[in-house]
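Colleague: below are the sequence and a predicted model; questions follow.
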Amino acid sequence: MDPLTPELEHFIHSLPKAELHVHLEGAIEPETVLTLAQRHAMEERLPARDAAGLRQWFSYRDFGTFLEIYMVIQDLLRTREDFALIAYENGADMARQNICYRELTFTPYTHVHFQRKGVRIEDILLGLEEGRQRAKADFGVEMRWVFDISRNLSFPDNGMLRYDPEPGIRTLDYALQGRDYGVVALGIGGYEPTAPGRYFRAVFDAAQAAGLPCVPHAGENDGAQSVWDAINLLHADRVGHGVRAWEDPTLVRELAARRIPLEICPTSNIQLKVYPAYADHPFRRLDEAGVIVTVNSDDPPLFNANLTQEYRVLAQHFGYGKSDLVRIARNAFLHSLAEPGTKARLLAEFDAWVAAQETGKQEAAGV
Ligand code: ADE
Ligand code: ZN
């Protein structure tokens, strides 16, 4: 694969970006994973004592092995200061990549109930808020939260034997409590095949009734039916991943007609074996079929990636040029769940940046 030209590299770096699908707990850099493990004397839970060793650990046979590593990292988060730290560091990462706005998915139930480590929802809400506000003050970045239900913990027998509604009910409650602290939506993540969307109807009905937008993961580790459930049963305002909608042409037409955006995470899909290679990935075909696409990094350090790299993938593997990159970047601003004032400001700033590029080009050409 040819490298990008320095000019396109520069363009991608400076492009103002919004990101709608990234997990806070999956976005902790290995150095901070080590800091947290030392802080809580939990180093024995990690297979390495340095960042390079942890990066080697981040390789997956399948979605199950990914989730095992993910849960170890989640378990290292134990205090209000920990949540503040990872939120603040995430904001610093945004600034480095010119990401102005990010919606970060976070799974409160795991910390408060499943991992039995004495974390209270107040520690989470106040910690996240402290980190978010400090990041805004220091870097000018806007962060919002999506609280998501764990599919896996909703089926504690690790199969479809017994559905436990508790994780869903609690997560919705926490999301509603968090609305004053930047929570903008209810999500659901985890392994789809053994926890189908239909079980979660009641909780997403309740979210909708409370005026909370819904952004379920679907169509990642299960096929088109999971996406149908997301849009017909779970009130999806956007779909996390959604790429396997490509397996059903009627569904592709439906997503396009109903203008339900997909939060596509190409590198995550390769790393977690949804597709063998970028050449097999349907990003461009979905886009050309009229589906609203956005590009996202999901769990960036865990895939040795970041959002900037995903834009490089769009150019190198999917053949997109600058005007398409601008269009795809704009989709994320357009379909964010930020309150109307912030959204309008960010869109105006994005459009002004694009206009300035055009002016710069004309001036350079002596027009
Ligand atoms: N949680 C963290 N990353 C996820 C992914 N890619 N799919 C589902 N749940 C997740
Ligand atoms: Zn995800």
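Modeller: That came in fine, so what should we check first? Ligands and ions are numbered 1, 2, ... in the order given.
Colleague: these two touch, right, V203 and R170?
Modeller: No. With contact defined as Cβ atoms under 8 Å, V203 does not reach R170; the gap is 9.7 Å. C-betas here are computed from N, CA, C, even on glycine.
Colleague: between these two, tell me which one has more neighbours.
Modeller: Taking other Cβ atoms under 10 Å, V203 and R170 do not tie; V203 has more neighbours (23 against 18).
Colleague: give the contact list for the more buried one.
Modeller: 149, 165, 168-169, 171-172, 186 (Cβ atoms under 8 Å, 6 or more residues apart in numbering).
Colleague: give me the buried entries from the residues you listed.
Modeller: Buried residues within those, counting neighbours by 16 or more other Cβ atoms under 10 Å: 149, 168, 171-172, 186.
Colleague: which of those residues fall in strands?
Modeller: 149, 186 (DSSP state E).
Colleague: nearest to F106, out of the buried ones among the contacts of V203: which one, please.
Modeller: Nearest to F106 among these, counting by Cβ to Cβ, is T171 at 9.9 Å.
Colleague: quick one: name the residues of the stretch 51-200 of the chain near ligand 1.
Modeller: 70, 189-190 (Cβ under 6 Å from any ligand atom).
Colleague: just the ones of those residues in helices?
Modeller: Y70 (DSSP state H).
Colleague: can I get the residues of the stretch 51-200 of the chain next to ligand 1 in JSON lines including pLDDT and neighbour count?
Modeller: Output for those, formatted as JSON lines (pLDDT from 0 to 100; neighbours: other Cβ atoms under 10 Å):
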{"residue": "Y70", "pLDDT": "98", "neighbour count": "21"}
{"residue": "G189", "pLDDT": "98", "neighbour count": "25"}
{"residue": "G190", "pLDDT": "97", "neighbour count": "22"}
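Colleague: between the residues of the stretch 51-200 of the chain next to ligand 1, which is nearest ligand 1?
Modeller: Among these, G189 lies closest to ligand 1 (Cβ to the nearest ligand atom), at 3.1 Å.
Colleague: who are the neighbours in contact with that closest one?
Modeller: 23, 105, 107, 148-151, 217, 240.
Colleague: apply 6 Å and report the result again.
Modeller: 148, 217 (Cβ atoms under 6 Å, 6 or more residues apart in numbering).
Colleague: equivalent analysis for V215, please.
Modeller: Per Cβ under 6 Å, 6+ apart, neighbours of V215: 146, 185, 187, 237-238.
Colleague: secondary structure element for it?
Modeller: In this assignment (DSSP states H and E), V215 forms part of strand 214-218.
Colleague: near ligand 1 at all, the helix or strand following that strand?
Modeller: Downstream of strand 214-218, the next assigned helix or strand under DSSP H and E is helix 224-232. No. Counting by Cβ under 6 Å from any ligand atom, ligand 1 has no neighbours in helix 224-232; the shortest distance is 11.3 Å.
Colleague: give me every residue that touches L212.
Modeller: Counting by Cβ under 6 Å, 6+ apart, L212 makes contact with L186.
Colleague: surely it is within a helix?
Modeller: No. Assessed with DSSP: H, G, I helix; E, B strand; the rest coil, L212 is coil; it does not lie in a helix.
Colleague: where does it fall, phi/psi-wise?
Modeller: Main-chain dihedrals, L212, degrees, to the nearest 10: phi -100, psi 120.
Colleague: can you tell me how far it is from P261?
Modeller: According to Cβ to Cβ, to the nearest Å, L212 and P261 sit 18 Å apart.
Colleague: for the stretch 251-367 of the chain, just list every one of the helices.
Modeller: With DSSP state H, counting those that start in this stretch as the criterion, the stretch 251-367 of the chain has helices at 266-271, 283-288, 307-316, 322-334, 340-364.
Colleague: other SSEs contacting the last one?
Modeller: What it means is helix 340-364. Contacts defined by 3 or more Cβ pairs under 6 Å, 6 or more residues apart in numbering; DSSP states H and E place helix 340-364 against helix 322-334.
Colleague: what comes into contact with the helix it packs on?
Modeller: 15, 17-18, 20, 292, 294-295, 346-347, 350, 354.
Colleague: picking up where we left off before, ok, of the contacts of V215, which one's closest to E339?
Modeller: A185 (12.5 Å).
Colleague: excluding covalently adjacent residues, which one is nearest to H40?
Modeller: Nearest in space to H40, with sequence neighbours left out and distances taken as Cβ to Cβ, 6 or more residues apart in numbering, is R78 at 5.5 Å.
Colleague: what is the helix or strand hosting G131 packed up against?
Modeller: Here G131 sits within helix 121-139, counting by DSSP H and E. Contacts defined by 3+ Cβ pairs under 6 Å, 6+ apart place helix 121-139 against helix 80-96.
Colleague: change it to 7 Å
Modeller: helix 80-96, strand 142-150, helix 166-177 (3 or more Cβ pairs under 7 Å, 6 or more residues apart in numbering; DSSP states H and E).
Colleague: so what's the gap between the helix or strand of the chain with the lowest mean pLDDT and the chain middle?
Modeller: Lowest on mean pLDDT, DSSP states H and E among the helices and strands of the chain sits helix 340-364, with a mean of 94. Put simply, helix 340-364 sits 25 Å off its chain's centre (Cα atoms, centre = their mean, to the nearest Å).
Colleague: so that helix versus helix 322-334, what angle?
Modeller: Orientation of helix 340-364 against helix 322-334 (axes from the mean of the first three to the mean of the last three Cα atoms, to 10 degrees) gives an angle of 160 degrees.
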